[in-house]
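Chemist: heads up, no residue letters with this:
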């Protein structure tokens, strides 16, 4: 065996320091320039050292920023490809969803680890709070009339402008404002389906969308997903051949709950597949602007030349859910979508729309995104490390490309509902896996939010959840 | 013929002065005390004179306030009892609704005579505007998380308190906050019906509710209504015997568009009838708090001992529609209603809810209602007089008991859609009758808003609409 080369030595040295906590998870490693000076090496050697760290999954390059410490984990610890039921099913699981979206009176979770609420304490959100105030300084309530049915024109203009980042060319008139992304999804499904129809969904998938299927009398055909690549196009094609699928409901960018972003070529293939089978696609892009890559990934809608993608999103994850400002770009279904919006809520609340439009117009939105994505990425890495440290060894952990949700897969037989029962007395709660499936699959999985700032108390909570999970697993074994 | 008595002479004198415009429509007449002094008569004679004016429909007594000048009209000029189609029908008329709720780009009506927007310039609304501002003075956005699914507890408490005025005993947990009354109605229909079901509706009736029927694939069975008594219970009973009616959708208090309030005994009979046929009632009470009587009339819900009434309302007509703060008291259907709300919008916008709760808590709501109802009553009388003066003689006019909408019935053959076409170039618009019917009836009717302050410009607009209506009628004849 030949002696290690210089760049290998440097890489090993950095790995050692990371293991010792000198460079903690989520932190930036020394710049190439600093490393050269410190170690008396050439730029080429420093670059080779970082390339080695990156290849071994210990560090991550971020454009125009440098290299960052990743949690020490092996890629084969990712969750397995999901294997949902292979036939259309009615959706249930409302009871589980209800405990997360509306905890029983008196139950106040200590940490919102099961929740979908973003971080609301960012300094970059403060101008939004000020804009909300400022908008009301008019002497009377004349600005509080009915909103235009399509939504505030200033906001629709800003949404259309932002959409260029995901490769979409939208005119403001292509956009309808909605009361959150939930109304956007409900409108899309209302436009496309009738009771009894079959909708293909990524599985695991967003429980809120699944509950719309339940309320509309629709059947979910769950499509397996790969934790890095997203919905299996092979399985989808088989499903489209076999069943009368009316719509494909998919969250291809910063998926909830798995965190993957479908690669661009697969996004194109998905749109082409939908075109061949003449099926509409409902794209949930609610976490899309929280991608850790810059520029953010393409939307499916950007690959769509036939106006068959209904793009749904909101500012609930990027700004604040209490604003209830969402939107839909319904493509060729605009007229029907306008009718659906009218019958569902009549209009959207005016004040939050205007504040969001002004916030974007002043460049505050992009600034906030930069700040909050940096923060979420760091918190992702810390949470992964905590889970690796405190959860049973067999725990598989997702590697989110954006957003603030982690998906954990425990060995089969583990029961996440039982876990929540055990945790309730300690005021802890996770989002149990079966919520994310029409057929109640993923009982051995759970979703953890890393939106909150990493404190010692939060780590103690994660440790405690890991302990109880271990006890349940031991009892099971 | 005997000589007129003294009280008759006084009444005639007052009538003369009213006709001369010395006491204009909507104004208060001299108090009993003043009249006694001025005319040197006894209190008994003054009271008899006013009783005579009241009996002839020229004045109106208002408790604790005095006598007011009514427009000079005969009661047989009320609209006729409606005669809608006698079978369940699919709803259309979306195109007409769209032109009212979302006028074509570039068309900006001069006066909002066709609109459902209330007066937003009242001084008593200003504290609400201030409360909306004040709510945001917190340093960060932490108060902008997801709303509780049922809605802000402080607001639900206030709604439950207010409901006692309509005779309803509600617990805050009986109330779910919604995004406007439209979402409340959509939730109620979603809970009770499946596509293809039949819903009995008052006819003419609110077009927004009718469009929900269309979107949900429901059939409307239109029930005739009397312009003073509301929905014909006899016709309803026949309909319930003949058709599988799943729900009765009714606006019994300050009806839109007819303005009547169903008498209490008929409200009780309606609830009893629904009970005998085991049918649920969806009560739209959105204009209920704008009744000109004080205390306001009972809600149907107050007569309901079986939790079969789903009471729907909002602050869109009493305060401002841009707030999108509505609510539903769904009775025995609470759990299903909560699910419907979750799938429809997920939650309601937080800031307006808190502002409305504080506005009510500080007594501002009651103060605003007193002020705005006084104003609407005066404007009703003025608008009735304008219509009597400027519209064709055959025009029949409703006599609203609350709210801010007038219903006009022209002779058969008149076409209110054609009227709007003719008015468009002058930037005038009314709400055409067929919007208010599933079967496109009431083409000869129209709705006019009297929410705006009576100005010379507004009277000129009403005069012009009356002129064009007369031309159309002459062309028809």
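Modeler: Sure, I can see it. Just so it is clear, the model here is predicted, and its values are computed rather than measured.
Chemist: which stretches of the stretch 1-150 of chain A form helices?
Modeler: Here the stretch 1-150 of chain A has its helices, by DSSP state H, counting those that start in this stretch, at A:6-19, A:32-39, A:43-55, A:94-101, A:126-134.
Chemist: of those helices, which approaches chain B most closely?
Modeler: helix A:126-134 (4.1 Å; CB to the nearest CB). The C-beta positions use only the backbone N, C-alpha and C, and glycine is treated the same way.
Chemist: What's the mean pLDDT across the next helix or strand after that closest one?
Modeler: Next in sequence after helix A:126-134, counting helices and strands by DSSP states H and E, comes helix A:153-162. Helix A:153-162 shows a mean pLDDT of 96.
Chemist: swap in stretch A:453-462?
Modeler: Here the average pLDDT along stretch A:453-462 is 96.
Chemist: How far does it sit from its chain's centre?
Modeler: Centroid separation for stretch A:453-462 versus its chain: 21 Å, with CA atoms, centre = their mean, to the nearest Å.
Chemist: in it, what counts as buried?
Modeler: A:454, A:458-459, A:461-462 (16 or more other CB atoms under 10 Å in any protein chain shown).
Chemist: Mean pLDDT and distance to chain B for the helices of the stretch 1-150 of chain A - can I get that in CSV?
Modeler: Below are the helices of the stretch 1-150 of chain A laid out as CSV (pLDDT from 0 to 100; distance: least, CB to the nearest CB, whole Å):
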stretch, mean pLDDT, distance to chain B
helix A:6-19, 90, 33
helix A:32-39, 92, 35
helix A:43-55, 92, 36
helix A:94-101, 84, 5
helix A:126-134, 84, 4
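Chemist: Export the ones you listed as a markdown table, with columns for mean neighbour count.
Modeler: What follows is the helices of the stretch 1-150 of chain A, written out as a markdown table (neighbours: other CB atoms under 10 Å in any protein chain shown):
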| stretch | mean neighbour count |
| --- | --- |
| helix A:6-19 | 17 |
| helix A:32-39 | 15 |
| helix A:43-55 | 18 |
| helix A:94-101 | 19 |
| helix A:126-134 | 20 |
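Chemist: just so I know, which of the ones you listed lies nearest residue A:283?
Modeler: Residue A:283 sits nearest to helix A:94-101 of all the helices of the stretch 1-150 of chain A, at 21.8 Å, using CB to CB.
Chemist: Quickly list the domain ranges of chain A.
Modeler: Per automatic domain parsing, the domain ranges recorded for chain A read A:6-69, A:108-120+A:372-476, A:123-365.
Chemist: Check the ones you listed for me and report the most buried one.
Modeler: For the domains of chain A, the largest average neighbour count (mean count of other CB atoms under 10 Å in any protein chain shown) is found in domain A:123-365, namely a mean of 22.
Chemist: Quick one: closest of the helices of the stretch 1-150 of chain A to residue B:90.
Modeler: helix A:94-101 (30.6 Å).
Chemist: and the closest one, what does it pack onto?
Modeler: helix A:207-215, helix B:334-344 (3 or more CB pairs under 8 Å, 6 or more residues apart in numbering or on different chains; DSSP states H and E).
Chemist: Now render the helices of the stretch 1-150 of chain A as a markdown table, adding distance to residue A:244.
Modeler: Output for the helices of the stretch 1-150 of chain A, formatted as a markdown table (distance: least, CB to CB, whole Å):
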| stretch | distance to residue A:244 |
| --- | --- |
| helix A:6-19 | 53 |
| helix A:32-39 | 57 |
| helix A:43-55 | 46 |
| helix A:94-101 | 26 |
| helix A:126-134 | 44 |
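Chemist: where does chain A dip in pLDDT?
Modeler: Scanning chain A for pLDDT under 70 picks out the ranges A:1-2, A:73-76, A:135-140, A:477.
Chemist: What's the biggest helix in it, counting residues?
Modeler: Using DSSP state H to define each element, chain A has its longest helix at helix A:364-390.
Chemist: Touching the helix or strand following that helix from outside, list them.
Modeler: Downstream of helix A:364-390, the next assigned helix or strand under DSSP H and E is strand A:396-397. Contact with strand A:396-397 is made by A:73, A:77-80, A:384, A:387-388, A:406-410, as judged by CB atoms under 8 Å, 6 or more residues apart in numbering or on different chains.
Chemist: try 10 Å
Modeler: Outside strand A:396-397, the residues that touch it by CB atoms under 10 Å, 6 or more residues apart in numbering or on different chains are A:71, A:73, A:76-80, A:227, A:259, A:383-385, A:387-388, A:391, A:406-411, A:444-445, A:448.
Chemist: Pairing partners for that strand, with directions?
Modeler: Sheet partners assigned to strand A:396-397 using DSSP bridges are listed as strand A:405-409 (antiparallel).
Chemist: out of the helices of the stretch 1-150 of chain A, nearest to residue B:169?
Modeler: Shortest separation from residue B:169 across those is recorded for helix A:94-101, at 26.3 Å, computed as CB to CB.
Chemist: What angle do helix B:334-344 and the closest one make with each other?
Modeler: Angle of helix A:94-101 versus helix B:334-344, following axes from the mean of the first three to the mean of the last three CA atoms, to 10 degrees, is 70 degrees.
Chemist: Can you tell me which residues in the stretch 201-350 of chain A are near chain B?
Modeler: Contact residues, the stretch 201-350 of chain A versus chain B (CB under 10 Å from any CB of the partner chain): A:207-217, A:314, A:316, A:319-326, A:335-336, A:338-350.
Chemist: The same query, at a cut-off of 6 Å, please.
Modeler: By CB under 6 Å from any CB of the partner chain, the residues of the stretch 201-350 of chain A that approach chain B are A:211-212, A:215, A:320-322, A:324, A:339, A:343-346, A:349-350.
Chemist: Let me have the domains of chain A in JSON lines, extended by distance to residue B:439.
Modeler: Shown next, in JSON lines, are those (distance: least, CB to CB, whole Å):
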{"stretch": "domain A:6-69", "distance to residue B:439": "63"}
{"stretch": "domain A:108-120+A:372-476", "distance to residue B:439": "40"}
{"stretch": "domain A:123-365", "distance to residue B:439": "19"}
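Chemist: Residue B:245: which of the ones you listed is closest?
Modeler: Each of those has some distance to residue B:245 by CB to CB; the shortest is domain A:123-365, at 19.9 Å.
Chemist: Check the offset of that closest one from the chain's centre.
Modeler: Chain-centre distance of domain A:123-365: 13 Å, with CA atoms, centre = their mean.
Chemist: Which residues are in contact with residue A:14?
Modeler: Residues near residue A:14 by CB atoms under 6 Å, 6 or more residues apart in numbering or on different chains: none.
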